Every structure is written in C-alpha cells, then in structure tokens.
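Chemist: Starting from these lines, generate the structure:
(2 chains)
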Amino acid sequence: MKDLLRKAASRLTEPIPEFNIIYNTDLKFADVSTDIGFKLASLLKDNPNNIAQQVAQELKQMNHQAVGRVEVLKGYINIFYSQNYLEDIYSKIIKEDSIYGSHPKKKFRINMEFISANPTGPLHIAHGRQAIIGDVVSNVLTKAGYDVQREYYINDSGNQIEMLGKSLYVRYQQICGVNAELGENSYKGEYLIDLAKEFKEQYGDKYLKEPDLKLFKEFAAAKLLEQIKQTASKAGIKMDYYASQKQLENESKDKEIIGFLSSKGMAFEKDGALWAKSTSYGDDQDRVIRKSDGLFPYRVSDYAYHLDKFKRDFDLLIDIWGPDHHSHIKDVSSFLQFAGYDKDRFKVLIIQHCRVISGGKEVKMSKRNATFITLDELLDDIPRDVVRYFFSMRKPETHLDFDLDLAIKKSMENPVYYVQYAYARINSIFKKAKELDIKHSGEDLDFARLNQDERDLLRLLVRFPNFVEISAKELDPTPIVSYTMDVARSFQSYYQKADKDRSLAVLCDDVNAREARLKLLKAVQIVLKNCFDILGISAPDKM
RNA sequence: GCCCCCAUAGCUCAAUUGGAAGAGCAACGGAUUUCUAAUCCGUAGGUUACAGGUUCGAUCCCUGUUGGGGGUACCA
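Modeler: Got it, this is the predicted structure:
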C-alpha cells in the first residue's frame, strides 16, 4: 500500500518525502490512512487537504484491485479495501489457518535469553514476569518470521553457589540434630530444609563431620534447577537450550577474556586487582576483571558467554533482565563492541519491578530471607492462562502491581476470560449448527451477503499481521493483547444484537446469510486461536 | 551527585511510536422465554503531572521542574 501511494504521489512531484501508513484504531475512518498530504504540503506550498485530494485522485485512477473507496478528510487520505481484496484475505485466513498472520521466514537468527535465574532458590513472581514476557516475545518473533532460540543461562558457579552449598550444609547439620547457625548472607528459605532432608535420605549422616562442599553445592544447584524447570514448564514456558557458566569456565573461556583484553593493552593492575580499561572503549567506568582474591567476577564469564552466543552464529542477541541489572548493560555492550560486534546486535529488555499486592499491602520479596511468593505457589492458586495474560498485558518497561486478591477472584478484571469466552461462544454456535445439520464450508466468502458489522469484523481480521509486526518490532506483547481484546469485543457486540433482532442471529432462517456468517466466524476463531497461541493461553471449546 | 523507568478518566491501562485521545473495572440507567448473560446497549468521567521548545501537527521528540520506583560493588 505504501508503494502504491508513493507511486500515486510521484505523479505530482519527486522525490517523495518519508510518510506514514496509519492504522487508526477506529475502523470508521478507513482501513488504511496516510499522512502523505501533510508531508507534501510544505514541499509543494499548498494546504494538506488539496494535496491529499490530488494524491487520492491519482490513486483512484490507478485502479488497484485492493483499493476500494478513497476519501480525503482534514488532510488525511482514507482508504478502504475493496470487496475483492477482503474476500481474498478471507480465503487466505481459511487456507493458512494456524499459519495466518505469520510473516515469511527470514534468514535471521535471534538468541532470546531469559529467566536465567541463579539456581539458588525457586523462581519468584518477578522471574515469572520475565519468563512469560520472554516466552511471548519469542512466540511473536517466531510468528514474525525470525529464527528464534530460547536460552537459559545457568549461573552454576561463583559466590552465590558457594553460599548455597554452605547454607545447605547448615540445614543438613540442623536436620541431623547438630547445632548450627545460618550466616548473615545465607539462603534462609525453607526450601533448603526440604533439600537437606532429601540429602540426608540419600547420604545419611556421612558428610556431617567431613562436609564435601562441592557435593553440597552441586546437589542443591541441580535440585533447584530441576525445580525451576518444572515451574517454567508449569507456566507453559518453552526453552530450547541451557547454557552453563561452569562449563564455560571449564573450557577456560573466562581466561580467554583476560588474555584477549591484555593482548589489546586494555588490562591494568590496581589495588591488587586486574582492571579492564573499559572507559577507553565506551564504558562509564573501568571494571574489575580479576578480583584481588584471584577469582573472576561475574562479568568476565558474562562477556565470555555473550561472545559464545555470537560464535554460535546468531545475528541478534536479546537478553531479558531485571531492573537490578541495569548498570550491567553498558558494561557488556561496550565490551561486545570492543570485541568487534555491532552495537545493534545486542539488545537488553529490562522488565521493570513487579510488586505483589495482597490485602492492599505490598508483599516484600527477598530470596535470602524466607518471605516471598514463588511463581510455583502463584500457579497453584491462579490458572496459568490468567497469570500469562496478566503478565503480558502491561508494557515490559512499566512497573506492575500484581494484585493477588484480584487475580485469585474470577472477576471481570481478568480479561482473559473475556477473550476466551468469545472463542468458546463461537464454538458453541458451530456445535449448534452441527446439531441442526447446517452446512458451511469452503474458502470462499460472498462479501455481498455480510452486513456492516460483519464486514467490519472481517476488516479487523485483516489487521492481524500488522499487530504481529509491531509487537515483534517493539519486543512487546501488549499490541497482541489489545488486538485480541478488540476482536473479542467486536464479536461479542455483534453477537448480542441477535437478542433484539432474530434475523441478525448467525443461525437465522436466511440460508445465504447463515452460511456467510458461519464462514466469517470460522475466520474469527482462527485469528483468536492464533492470538492465544502467541500468548500461550488455551482456547477452550466451552466455558 | 550521576544513570535508568514511570506519571493519560475515580482505579488498572491502551493509543500501531510525530498524525483524528480509547478500552476494561468501579458508578448510574437499561436488555435475559438466547446462538452460552463469564454478555450487550446507554450515561457520566480529560488543560494527557507542571512550564517552556521544535513542528502544519506533540500523550509521543528536546530542555527544565515536581512526584513515585529502581540502580550506582573487587555480589550475582
């Protein structure tokens, strides 16, 4: 459509300035609008409305098969699709079914890294938000034609894991009746008591006197990772690949980083530690790359990990992090640029803070002291679909209050039921049609048999690929969510009109109208189902 | 101090990213012998936090101010 407009405008003048295709939320204006009149106005020294009139005239004369009515209003050109075009799209929806809305496959590999929680405790609700947004954005990108790998980076090495091993040992001692106290930085969650019991069942009191810290660490980390995987799967999260920090270290990838920076003259000693001269390649401050105790800080293996991802041949790396890692972006990104990778090939999506509200008060969360609500517990109380929809509803970079009381209630504030109900209702109509032995099939739709509401419904379905595109571009699930609401609302509103006027019912007496309506609803159902698939929620046959 | 995020209807949020401010909930009024009322229709609700700037046009971009949240380690 944009090319078409450019062509039409080029009959007036050249070159044509950049202009926009506008998909207004309100279908009453048009299927597609454009601001080209405004853009050309200053160039041609005429008022936008006149220019728009002229472009519209040219457009009409081109007689393109997709273009129906063309109007000019307040400087905008408003274009309505032709009947033929809408009928073609209908056929496309039916033919493509679950593929409808997908964009052509691109040879562009994206690595989407998300969750990546330390295996030192269960996932909490903030992880849940990151996990679900990561999953949904991955779905959208796949739909938009990208080749996406979902990846989890396991921080199974370093201080936190040390502390985990020590904490488990203390709990183990306590289980065995030995007096022992958790330290200041210990993991205080009760889940370690359960793990200590498991440990004792497996090993008895064999390690009480001579603790094998390596065993404690590995036992705890392996068990906790297993729990995390189970929780993720409970939330419907798909993961393709698990990368391990420990493995990178075993392969000396961290040492290679030090070697690399040293060889480039970017390392210097200070206060007994080794520093990267990162300010000379774009960072805000120099960074420690070997601590004075001889160990590498987290960032070194993180550098190594991201280089490793590039070496595995991804065109774009997307990381989803919590806001507490914000300062880490510049750190990693300036290193990657120094290592020769374009800055646009590394994107970080910061998912903002997620507060949990219960009884009108915030529930404070901390992994170290035992009070927090786990994602697992949340999923016990609240259906997966609700949780997924809730977390997808708000833009990733905004703060989110998760009100437990509201989510637990099957109230109207859970719009997921609204969209699913639309799907179930359509299903119910098909069931009824089957009982009455009413036939409806085929990939063709006679537009002339649709009334205005039905035509508008079809026009809305045509927009689905646009929403996939914008959602993928913005790495944001919310456009898909609002679109799903739009489709459901349009259907519900249309459906209800039969209350007043029986001839407006889908299963009315007019055979032709009936067939056309059933066919249309088939397409509505396909689009709803495709939206649900992206969001990872179920499409219930009945509710 | 410096950096990041946020501020739109009473509440929770949209607005296809610089193009025509819109939903849901709550409130009020109405619709139920149905194709599933987990629904629909209507009413009301706005100086888009404030002040400037750029633009034909700003909720969106820039500058400043206010308020809320987060970060600013030889932790991860």
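Chemist: which stretches of the stretch 251-400 of chain A form helices?
Modeler: Assigned by DSSP state H, counting those that start in this stretch, the stretch 251-400 of chain A shows helices spanning A:253-263, A:298-311, A:328-338, A:375-381, A:384-392.
Chemist: closest to RNA strand B out of those helices?
Modeler: Nearest to RNA strand B among those is helix A:298-311; the distance by C-beta to the nearest atom of the strand comes to 3.3 Å. Placement of C-beta: from N, CA and C, glycine included.
Chemist: Mind listing what's buried along that closest one?
Modeler: A:299, A:300, A:301, A:302, A:303, A:304, A:305, A:306, A:307, A:308, A:309, A:310 (16 or more other C-beta atoms under 10 Å).
Chemist: who's in contact with the third one?
Modeler: When contacts are counted by C-beta atoms under 8 Å, 6 or more residues apart in numbering, residue A:301 touches A:157, A:158, A:245, A:248, A:249, A:253, A:254.
Chemist: Intersect those residues with the contacts of RNA strand B.
Modeler: residue A:158 (C-beta under 7 Å from any atom of the strand).
Chemist: Of the contacts of residue A:301, just say which sits nearest to RNA strand B.
Modeler: Lowest distance from RNA strand B to the contacts of residue A:301 (C-beta to the nearest atom of the strand) belongs to residue A:158, with 4.0 Å.
Chemist: what's the most buried one of the helices of the stretch 251-400 of chain A?
Modeler: Highest mean neighbour count of those: helix A:384-392, a mean of 23 (counted as mean count of other C-beta atoms under 10 Å).
Chemist: Am I right that residue A:70 is in a strand?
Modeler: Yes. Under DSSP: H, G, I helix; E, B strand; the rest coil, residue A:70 falls within a strand.
Chemist: what pLDDT does residue A:412 get?
Modeler: Note for residue A:412: predicted pLDDT of 54.
Chemist: Quick check on residue A:63: phi, psi?
Modeler: When quoted as degrees, to the nearest 10, the phi and psi of residue A:63 stand at phi 50, psi 40.
Chemist: Serialize the helices of the stretch 251-400 of chain A to JSON lines and add fields for mean pLDDT and distance to residue A:486.
Modeler: Converted to JSON lines, the helices of the stretch 251-400 of chain A look like this (pLDDT from 0 to 100; distance: least, C-beta to C-beta, whole Å):
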{"stretch": "helix A:253-263", "mean pLDDT": "95", "distance to residue A:486": "48"}
{"stretch": "helix A:298-311", "mean pLDDT": "94", "distance to residue A:486": "37"}
{"stretch": "helix A:328-338", "mean pLDDT": "91", "distance to residue A:486": "34"}
{"stretch": "helix A:375-381", "mean pLDDT": "87", "distance to residue A:486": "28"}
{"stretch": "helix A:384-392", "mean pLDDT": "89", "distance to residue A:486": "15"}
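Chemist: In JSON lines, list those along with distance to residue A:234.
Modeler: Shown next, in JSON lines, are the helices of the stretch 251-400 of chain A (distance: least, C-beta to C-beta, whole Å):
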{"stretch": "helix A:253-263", "distance to residue A:234": "33"}
{"stretch": "helix A:298-311", "distance to residue A:234": "27"}
{"stretch": "helix A:328-338", "distance to residue A:234": "29"}
{"stretch": "helix A:375-381", "distance to residue A:234": "5"}
{"stretch": "helix A:384-392", "distance to residue A:234": "7"}
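Chemist: Of all those, which one is nearest residue A:46?
Modeler: Nearest of those to residue A:46, taken as C-beta to C-beta: helix A:384-392 at 45.5 Å.
Chemist: Return the distance of the closest one from the chain's centre.
Modeler: Here helix A:384-392 is found 12 Å from its chain centre; the criterion is C-alpha atoms, centre = their mean, to the nearest Å.
Chemist: just stretch A:238-253 next, same as before
Modeler: Centroid displacement of stretch A:238-253 relative to its chain, using C-alpha atoms, centre = their mean, is 24 Å.
Chemist: What are the buried residues along that stretch?
Modeler: Neighbour-count burial for stretch A:238-253, with 16+ other C-beta under 10 Å as criterion, is recorded at A:239, A:243, A:244, A:245, A:246, A:248, A:249, A:253.
Chemist: Flag the shaky bits of the stretch 351-500 of chain A, pLDDT-wise.
Modeler: The stretch 351-500 of chain A contains residues with pLDDT under 70 at A:359-372, A:409-413.
Chemist: how many neighbours does the nearest residue to residue A:456 once chain neighbours are set aside have?
Modeler: In space, and not counting its chain neighbours, residue A:456 is closest to residue A:27: 5.5 Å by C-beta to C-beta, 6 or more residues apart in numbering. For residue A:27, the neighbour count with other C-beta atoms under 10 Å is 17.
Chemist: measure residue A:27 to residue A:455 for me?
Modeler: 9 Å (C-beta to C-beta, to the nearest Å).
Chemist: Which residue ranges of the stretch 101-250 of chain A form helices?
Modeler: Assigned by DSSP H, counting those that start in this stretch, the helices in the stretch 101-250 of chain A fall at A:125-143, A:159-175, A:191-203, A:213-234, A:245-250.
Chemist: any chance of those in a markdown table, plus mean pLDDT and distance to residue A:393?
Modeler: Formatted as a markdown table, the helices of the stretch 101-250 of chain A follow (pLDDT from 0 to 100; distance: least, C-beta to C-beta, whole Å):
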| stretch | mean pLDDT | distance to residue A:393 |
| --- | --- | --- |
| helix A:125-143 | 92 | 10 |
| helix A:159-175 | 92 | 32 |
| helix A:191-203 | 95 | 30 |
| helix A:213-234 | 95 | 20 |
| helix A:245-250 | 93 | 33 |
